[in-house]
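**Student:** Need coordinates for the following:
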Amino acid sequence: MTIRLAVFGAGRIGAVHARNAAALPGVEVAHLVDPGTDATALAREIHARVSTAAEALADADIDGIVIASSTDSHAEFLLAAAERGLAVFCEKPVSLDFPTVARVTAAVEAAGIPAMLGFQRRYDPNFRTVRERIASGAAGPLEQLLMQTRDPAPPPRAYVARSGGMLRDQAIHDFDQARYMLGEEIASVHAVGGALFDAGIAAEGDIDSLMVIMVSASGRMVQISNSRRSPLGYDQRLEAHCAGEVLFIDNRAATDVRIARPDGARTAPPLDYFISRFAEAYRAEMAAFAALIREGTPPLATIRDGLEAGRLAEAARVSIRTGRPVAVDPGWMP
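**Tutor:** Next up is the predicted model:
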């Protein structure tokens, strides 16, 4: 069976998904859709046709769509996939408007289509190893989880204006990992955030620095630290403190070579950004989408996971605004 896909978005992450999908055996990227980008060169590289959204969705022979377009288009394309009965992979977030996230999630689930959310850390071998040691009981019960995500430099102001900002765009991965590692829901979110160094981000009403304390339904603790700037480069680490062992995921260096001299030793810098750090996870993610279509293999991240991570991002926004912890009951809405 040849799987035919339409990829919406030919920018940074869209190009990654398009190339990874096209490289899979038995997968064809039939349509590449991006009105805001000259997608001709990428389409030629992966042997796809540059199409409009209407043309791609009207193709009766496509099996699924990959949504990696601008965030403000995600909900529209998810609903189109639900209406057409197409399998869908969607980058996070579903929408910057949380009621829309809830409405689209309900529509996708009611349609019963195969749906997968782009939380690529779930497909990273290191994160999966930690999760499996916790879930299997090998590490003992998880008691405290610490995560930090710091970008090498702030994104352009235009990106901040459309992406959803630090909470909905960057930290949403940490909110997702909190639920994934704990295996239960979060009951309380207390966040502090501010624009400490980037005037452009502040002008967009967003923050460049964030710290969050969360407590799970059973009382376990999560600490998240995020920044839009890191002097050491891309900084993405995790510590899981369990009853029997402590599990660490450290920054991955560009190479494993260590250079030593009489005056000291140095190692290679971390991989430069999330695209290179999670390259293997992105490949595994597209392979999982193909397996979802071909064999019905359940994905590690569903649209419901996107909803719940988004709920935590919204609770953090409320907490920053009010200066108080937010109790997140099931079904809590901002």
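**Student:** who are the neighbours in contact with the residue nearest to residue 141 when sequence neighbours are not counted?
**Tutor:** In space, not counting the residues next to it along the chain, residue 141 is nearest to residue 243; the distance is 4.9 Å by Cβ to Cβ, 6 or more residues apart in numbering. All C-beta atoms are positioned from the backbone trio N, CA, C, and that covers glycine. By Cβ atoms under 8 Å, 6 or more residues apart in numbering, the contact set of residue 243 is 139, 140, 141, 143.
**Student:** Of the residues you listed, keep whichever come out buried.
**Tutor:** residue 139 (16 or more other Cβ atoms under 10 Å).
**Student:** Nearest to residue 41 among the contacts of residue 243?
**Tutor:** residue 139 (46.6 Å; Cβ to Cβ).
**Student:** Off-centre distance for the strand or helix carrying residue 132?
**Tutor:** Taking DSSP states H and E as the definition, residue 132 sits inside helix 125-136. Relative to its chain's centre, helix 125-136 lies at 18 Å (Cα atoms, centre = their mean, to the nearest Å).
**Student:** again with stretch 239-256
**Tutor:** The answer for stretch 239-256 is 20 Å, by Cα atoms, centre = their mean.
**Student:** Return the helix or strand in the chain with minimum mean pLDDT.
**Tutor:** helix 157-163 (a mean of 88; mean pLDDT, DSSP states H and E).
**Student:** tally of neighbours for residue 77?
**Tutor:** Using other Cβ atoms under 10 Å, residue 77 is surrounded by 25 other residues.
**Student:** Apologies, that question was intended for residue 72.
**Tutor:** Around residue 72 there are 13 other residues, counting by other Cβ under 10 Å.
**Student:** Skip the chain neighbours and tell me the closest residue to residue 81.
**Tutor:** residue 88 (4.0 Å).
**Student:** For the protein, give me the ranges with low pLDDT.
**Tutor:** Scanning the chain for pLDDT under 70 picks out nothing.
**Student:** how does it divide into domains?
**Tutor:** 3-121+282-301, 124-273+308-327 (automatic domain parsing).
**Student:** Which elements pack onto the longest helix anywhere in the chain?
**Tutor:** The residue-count maximum for a helix in the chain (DSSP state H) belongs to helix 303-322. If you count contacts as 3 or more Cβ pairs under 8 Å, 6 or more residues apart in numbering; DSSP states H and E, helix 303-322 packs onto helix 98-111, strand 115-117, helix 172-182, strand 186-194, strand 209-216, strand 326-327.
**Student:** quick one: contacts of the third one?
**Tutor:** When contacts are taken as Cβ under 8 Å, 6+ apart, the neighbours of helix 172-182 outside the stretch itself are 92-93, 119, 121-122, 127, 130-131, 134, 142, 145, 147, 149, 164, 185-186, 212, 214, 216, 220, 222, 224, 226, 238, 240, 301, 305, 308-310, 312-313, 316.
**Student:** so that helix versus helix 303-322, what angle?
**Tutor:** Orientation check (axes from the mean of the first three to the mean of the last three Cα atoms, to 10 degrees): helix 172-182 against helix 303-322 gives 120 degrees.
**Student:** what does the longest one give?
**Tutor:** Between the axes of helix 98-111 and helix 303-322, defined by the same axes, to 10 degrees, the angle is 170 degrees.
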